[in-house]
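Undergrad: Based on what follows, work out the 3D shape:
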Amino acid sequence: MAENLKVTQSQDESTTEFGREHNEKLQALSRSMVAGLYMLVRSVKMYDPENAVFEKPLHQLQDIINQIIGKEGRLELVGVKDSFYLNSMLVKVDLNSIENQRYLLSEMRAKDVGGFTLTKQVTVPELKNFVWIFSKEQATAAEEDGLAGRKLLNMRVAKFSKLKEKLDKDMNDPGDQKVDRKKYAMTVYARSVFFISKYLESVRAGKPINASKALRLVQDFVDISFEQKTHFLGMTTMKREHEYLVYHQVNVCLMSIVFGAELGLTKPQLRDLGYIALFHDAGMTTLPEELATKRGALTADERVAVQRAPLISVRNILMEKGFSRSTLLRVVTTFEHKTDFGTAVRDARGNIQMIIPKTNLGAYAKIIAICDAYDALTSKRPYRDAYGPEVALMLMWTEMRNKFDPELLQVFMRVMAIQPVKVLSKRQQTLSVSGL
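TA: Below is the predicted model:
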């Protein structure tokens, strides 16, 4: 008989809470737990749960669950739409596991199981009792405490029918959820600012910390941007003059993600783009303060120092462990975004008449270059006041036009106006990043 397992009905707790902070170790454990449940539910369609084939996977699942309980003090797994939430944290699975997750959710809902809660260490016999719910011979749905004759004592099954009723009610009254989403966006922004601040400190010390820790922050930004575009872009107005470079890195990341989404990039591409943008100017932190804030023209030596900053950013990337296609993309984009798009051909009055492209720059580099310039122009610096958005865009379209892909700049100008509909022409909608 099960002694420490109970199946939950989370009627009093919100399953649509998005404010749980991401935890990389908990994510890894969560993915392993979902994968283990999937394998057991698949296997129970072919074998009796008492079969020896279940022994090893049950012990593995037991170890994972007990690690989570030891770390968190409790375990609440809930299936919402096409995803799982563990203790209110969205479980992120890779593309290869999406179909497995959907299968598991489908089988759980077929048995009216929306999830479960555990507050004590689990045993293998208890897990076996839970797996019996999905056996091919089992025609009836489980109650909150499991099946007749195979009761679960400290685990409660969340009935999917009741969970769905609550979710439907939440969908009809989404006000609080939207507020929570906006609060979470601010939380991710603040965490990103904190991380970049620490990262730039490590760069100045000559020992850059592992940048990959920011990948989850970028993924959260990508997810949020699809739902809160206006609020998302509004966050980029938060700046502190004495911490310009920190906020600049985060703001360019945000703008690049929204801009890239308008151009039709996929979520994985947006994550790559945002990740590169978040560190695009990290090398600038090594410049002396007096040079970074200098008024007036730079000397030849000072210009060389500034031009060397992108190489320092590249060096930091190459110092990381491993080298992949993604690493190469980061290196190339970080270097290219400082390269002018083309040479300006001017008329007799000095106005730009046409642009002659210099080289075939990558799409990510062209996107980041535009966002980088816009944020820099709209930021207050020791040597000038911030330009307003309209003035900044006018400068980019006139005096600085040769620095940017003119077609992408047109799209960016419309994006920054927060257009409610797509603004791409048919030709622009064919933008490809396959050559990156």
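Undergrad: Can you spell out the domain ranges of the chain, please?
TA: Split into domains by automatic domain parsing, the chain comes to 6-172, 176-430.
Undergrad: Any chance of CSV for these, columns mean pLDDT and mean neighbour count?
TA: All C-beta spots, glycine's among them, are computed from the backbone N, C-alpha and C. Formatted as CSV, the domains of the chain follow (pLDDT from 0 to 100; neighbours: other CB atoms under 10 Å):
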stretch, mean pLDDT, mean neighbour count
domain 6-172, 83, 17
domain 176-430, 79, 17
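Undergrad: got the contact list for the strand or helix carrying residue 305?
TA: In the assignment (DSSP states H and E), residue 305 maps to helix 300-318. Contacts to helix 300-318, defined as CB atoms under 8 Å, 6 or more residues apart in numbering, come from residues 203, 208, 211, 279-284, 286-287, 291, 294, 298, 327, 330-331, 334-335, 337-338.
Undergrad: ok, now stretch 282-291?
TA: Contacts of stretch 282-291 (CB under 8 Å, 6+ apart): 199-200, 203-204, 208, 245, 249, 292, 298, 302, 305-306, 308-316.
Undergrad: Endpoint to endpoint, it covers what distance?
TA: 15 Å (CA to CA, to the nearest Å).
Undergrad: that's a helix at residue 345, yeah?
TA: No. Counting by DSSP: H, G, I helix; E, B strand; the rest coil, residue 345 is not part of a helix but strand.
Undergrad: check contacts around it.
TA: 352-356 are the contacts of residue 345 under CB under 8 Å, 6+ apart.
Undergrad: Turn these into CSV, columns for secondary structure and distance to residue 410.
TA: As requested, the contacts of residue 345 are exported to CSV (DSSP: H, G, I helix; E, B strand; the rest coil; distance: CB to CB, whole Å):
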residue, secondary structure, distance to residue 410
352, strand, 14
353, strand, 17
354, strand, 15
355, strand, 13
356, strand, 18
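Undergrad: okay, the helix holding residue 305 in CSV with CA atoms only?
TA: The C-alpha coordinates for helix 300-318 follow below in CSV (Å, rounded to 0.1, in the frame of the first residue of the first chain):
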residue,chain,number,x,y,z
ALA,A,300,43.8,58.7,-33.4
ASP,A,301,44.9,56.5,-30.5
GLU,A,302,41.5,56.9,-28.8
ARG,A,303,39.7,55.8,-32.0
VAL,A,304,41.9,52.7,-32.2
ALA,A,305,41.0,51.9,-28.6
VAL,A,306,37.2,52.2,-29.4
GLN,A,307,37.6,50.2,-32.6
ARG,A,308,39.3,47.4,-30.5
ALA,A,309,36.3,47.0,-28.2
PRO,A,310,34.4,44.6,-30.5
LEU,A,311,37.5,42.4,-30.7
ILE,A,312,37.4,42.2,-26.9
SER,A,313,33.8,41.1,-27.1
VAL,A,314,34.8,38.4,-29.6
ARG,A,315,37.7,37.3,-27.5
ASN,A,316,35.3,36.8,-24.5
ILE,A,317,33.1,34.6,-26.7
LEU,A,318,36.1,32.5,-27.8
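Undergrad: Show the subsequent helix or strand relative to it.
TA: Using DSSP H and E, the helix or strand that follows helix 300-318 towards the C-terminus is helix 325-336.
Undergrad: hmm, who's touching that next one?
TA: 272, 275-276, 279-280, 310-311, 313-314, 317-318, 320, 361-362, 364-365, 368, 436.
Undergrad: Residue 197 against residue 246, yeah?
TA: Yes. Look at residue 197 against residue 246 with CB atoms under 8 Å: they come within range, at 4.9 Å.
Undergrad: Just confirm residue 157 contacts residue 146, I think it does.
TA: Yes. If you go by CB under 8 Å, residue 157 and residue 146 touch, sitting 6.8 Å apart.
Undergrad: Could I get the full set of strands for this protein?
TA: 6-7, 75-80, 83-86, 89-90, 113-118, 146-147, 150-151, 155-159, 342-346, 352-357 (DSSP state E).
Undergrad: In CSV, list these along with distance to residue 413.
TA: CSV is the format used below for those (distance: least, CB to CB, whole Å):
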stretch, distance to residue 413
strand 6-7, 55
strand 75-80, 38
strand 83-86, 36
strand 89-90, 34
strand 113-118, 46
strand 146-147, 60
strand 150-151, 64
strand 155-159, 49
strand 342-346, 18
strand 352-357, 16
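Undergrad: Tell me how far the spatially most distant residue from the centre of the chain lies from residue 399.
TA: The outermost residue of the chain relative to its centre, with distances by CA atoms, centre = their mean, is residue 348 at 48.5 Å. Relative to residue 399, residue 348 is positioned 17 Å away (CB to CB, to the nearest Å).
Undergrad: What sits closest to residue 372 if chain neighbours are left out?
TA: Among residues not flanking residue 372 along the chain, residue 252 sits closest, at 5.3 Å (CB to CB, 6 or more residues apart in numbering).
Undergrad: Surely that neighbour and residue 373 touch.
TA: No. Counting by CB under 8 Å, residue 252 stays clear of residue 373, with 9.5 Å between them.
Undergrad: follow-up on the earlier one: for the residue farthest from the centre of the chain, grab phi and psi.
TA: Here is the backbone geometry of residue 348 (degrees, to the nearest 10): phi -60, psi -30.
Undergrad: Give the full set of residues in contact with it.
TA: Contacts of residue 348 by CB under 8 Å, 6+ apart: none found.
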